[in-house]
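Asks: please work out how this folds:
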Amino acid sequence: MKSFEYGDKEISNLDMTITVSSMIIGVGILLLPRELAKAVQGSDGWMSMIAAGSLALGVAWLLAKISTHFSTQGYYAYASAAVTKPIAFIAVLSLSLYFISFCAYEVRAIANIAKQYLFETTPVEIIAFSFLMINVYAVSGSRVGLIRLNILFLPIVLFITACVLFFSLDMVEIKELKPFFTTDWKSLASSMKTTAFSLLGFEVILFYITMMNRPKEAPKAVVIGVFIPVILYTCIYMVCIGVFSQLALQEITYPAVELAKEMTIPGEFFERFESIFFTIWIMAVFTTTMMAYDCTIYALSSLFTKPKHRTWVFGLSPFIYLLCMYPKNLSDFDKMSSMISYFGLVVSIFLPILIHIVAKFRGVKSDVS
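Replies: Below is the predicted model of the structure:
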């Protein structure tokens, strides 16, 4: 008898594409339109989106191509053979610190936003703790089950976002998109950095490559997975500019949520669509957080093989909570975001590329035949 297709422990190319998109689409899009409006003139942010998106696509393809070389043995074993075990240990441990920081950032971000829009009288500590406990429950299960959740949630997130964009089009003022091509190259370069950081997340391929049934096709799957958020982010930014204008957009903390508040559905079927939008967006942040949590466990499990999976799940949760509560205000939170982004750039992109170069020179055994 043929086994149930989704009952196995392998993932397909489509699964990987959806996983990468789900990892990228998170809190970043709620903040990105404001940051771009501050950095560029008019609607020139689309240029930085396309440029940063193209760069992210290239880096994601390269990282996925490198990952195919250790699709069976795993990142730690491959790095150990290339640069010795002590250095590989530091590289993978640093990667686990990046993912646990990523997880804490998402938890704190959703707590801040939920307090502003949904639970005004609830302490942010309680919201963060509740959200973290949901992630603890999710990560306690099977790893492949998390991938299946992405397949379930992402289409809903994309559909609701498309509805917000579609019903907001009648409020777009074309004059607000002008002037065009007036931003100097230094400002565009600065906005590219912000945009590129919001597209981080494709690094999950370093671990989830070992679950793919056709790892050689991982580069294509990852590139498509990055392409979806690039298009989505660009559309949201352009609509936000057209509705709010560049000057007003600079003062709005969460433009995407405010866009959902401004839009109207014919017949007034929904009066507070932003509540639906935000609730659905929590699903997107949830999938990002749980995968960052899971990748942390994946990395640490490759270094320390004795502790069981659930030991890591429950043991790491207090550290995540304390880390997410560390920022005292919005300024500290923004600094935390920048630090995590720079750290992730080094440990999840530059180090794997450097390790692969060393492996090539040393003739390390590759899983690619």
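
Asks: contacts and neighbour counts: CA atoms only from here.
Replies: Will do.

Asks: now residue 109. Nearest residue, chain neighbours left out?
Replies: Distances taken as CA to CA, 6 or more residues apart in numbering place residue 27 nearest to residue 109, at 6.8 Å, with adjacent residues excluded.

Asks: look up how far residue 286 lies from that neighbour.
Replies: Using CA to CA, to the nearest Å, residue 27 is found at 10 Å from residue 286.

Asks: who has more neighbours, the two?
Replies: Neighbour tally, residue 27 and residue 286, criterion other CA atoms under 10 Å: the higher count belongs to residue 286, 27 against 22.

Asks: longest helix in the protein, by number of residues?
Replies: Criterion DSSP state H: the longest helix present in the chain is helix 85-117.

Asks: which stretch of helix or strand covers residue 73?
Replies: Under the criterion of DSSP states H and E, residue 73 resides outside all helices and strands.

Asks: please, where are all the helices along the stretch 51-200 of the chain?
Replies: Secondary structure of the stretch 51-200 of the chain, counting by DSSP state H, counting those that start in this stretch: helices at 75-83, 85-117, 124-139, 143-168, 185-198.

Asks: need those helices in JSON lines with distance to residue 330, can you?
Replies: Below are the helices of the stretch 51-200 of the chain laid out as JSON lines (distance: least, CA to CA, whole Å):
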{"stretch": "helix 75-83", "distance to residue 330": "36"}
{"stretch": "helix 85-117", "distance to residue 330": "9"}
{"stretch": "helix 124-139", "distance to residue 330": "13"}
{"stretch": "helix 143-168", "distance to residue 330": "26"}
{"stretch": "helix 185-198", "distance to residue 330": "17"}
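
Asks: roughly how far does the closest residue to residue 87 other than its chain neighbours sit from residue 37?
Replies: Distance criterion CA to CA, 6+ apart; nearest residue to residue 87, sequence neighbours excluded, is residue 80 at 7.4 Å. According to CA to CA, residue 80 stands 44 Å off from residue 37.

Asks: picking up where we left off before, so which bits of the longest helix of the chain are buried?
Replies: Using 16 or more other CA atoms under 10 Å as the test for burial, helix 85-117 gives 88-89, 91-115.

Asks: pLDDT below threshold where in the stretch 101-250 of the chain?
Replies: Within the stretch 101-250 of the chain, not a single segment meets pLDDT under 70.

Asks: buried set for the helix or strand hosting residue 311?
Replies: Using DSSP H and E, residue 311 sits in helix 309-324. Using 16+ other CA under 10 Å as the test for burial, helix 309-324 gives 309, 312, 313, 316, 317, 320, 321, 323, 324.

Asks: swap in stretch 163-172?
Replies: 164, 165, 167, 168, 172.

Asks: out of these, give me the two with the largest separation.
Replies: Using CA to CA, those span at most 12.4 Å, a distance reached by 164 and 172.

Asks: between residue 80 and residue 37, tell me which one has more neighbours.
Replies: Legend: neighbour count by other CA under 10 Å for residue 80 and residue 37, higher for residue 37 (24 against 18).

Asks: for the more buried one, what are its contacts?
Replies: When contacts are counted by CA atoms under 8 Å, 6 or more residues apart in numbering, residue 37 touches 43, 45, 241, 246, 247, 249, 250.

Asks: against residue 194, how distant is it?
Replies: Distance of residue 37 to residue 194, given as CA to CA: 11 Å.

Asks: likewise for residue 137?
Replies: For residue 137, the distance to residue 194 (CA to CA) stands at 32 Å.

Asks: list the buried residues of stretch 240-252.
Replies: 240, 241, 242, 243, 244, 245, 246, 249, 250, 252.

Asks: any chance of those in TSV, plus distance to residue 64 and secondary structure?
Replies: Listed next are the buried residues of stretch 240-252 as TSV, based on distance: CA to CA, whole Å; DSSP: H, G, I helix; E, B strand; the rest coil:
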residue	distance to residue 64	secondary structure
240	33	helix
241	34	helix
242	36	helix
243	38	helix
244	38	helix
245	38	coil
246	37	helix
249	36	helix
250	36	coil
252	36	coil
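
Asks: just curious, which of the residues you listed is nearest to residue 146?
Replies: Each of the buried residues of stretch 240-252 was checked against residue 146 using CA to CA; the closest is residue 240, at 31.9 Å.

Asks: looks like the closest one contacts residue 249 (just checking).
Replies: Yes: using CA atoms under 8 Å, residue 240 is in contact with residue 249, at 7.4 Å.

Asks: quick one, helices of the stretch 251-369 of the chain?
Replies: According to DSSP H, counting those that start in this stretch, the helices that the stretch 251-369 of the chain contains are 255-262, 273-303, 309-324, 330-345, 351-362.
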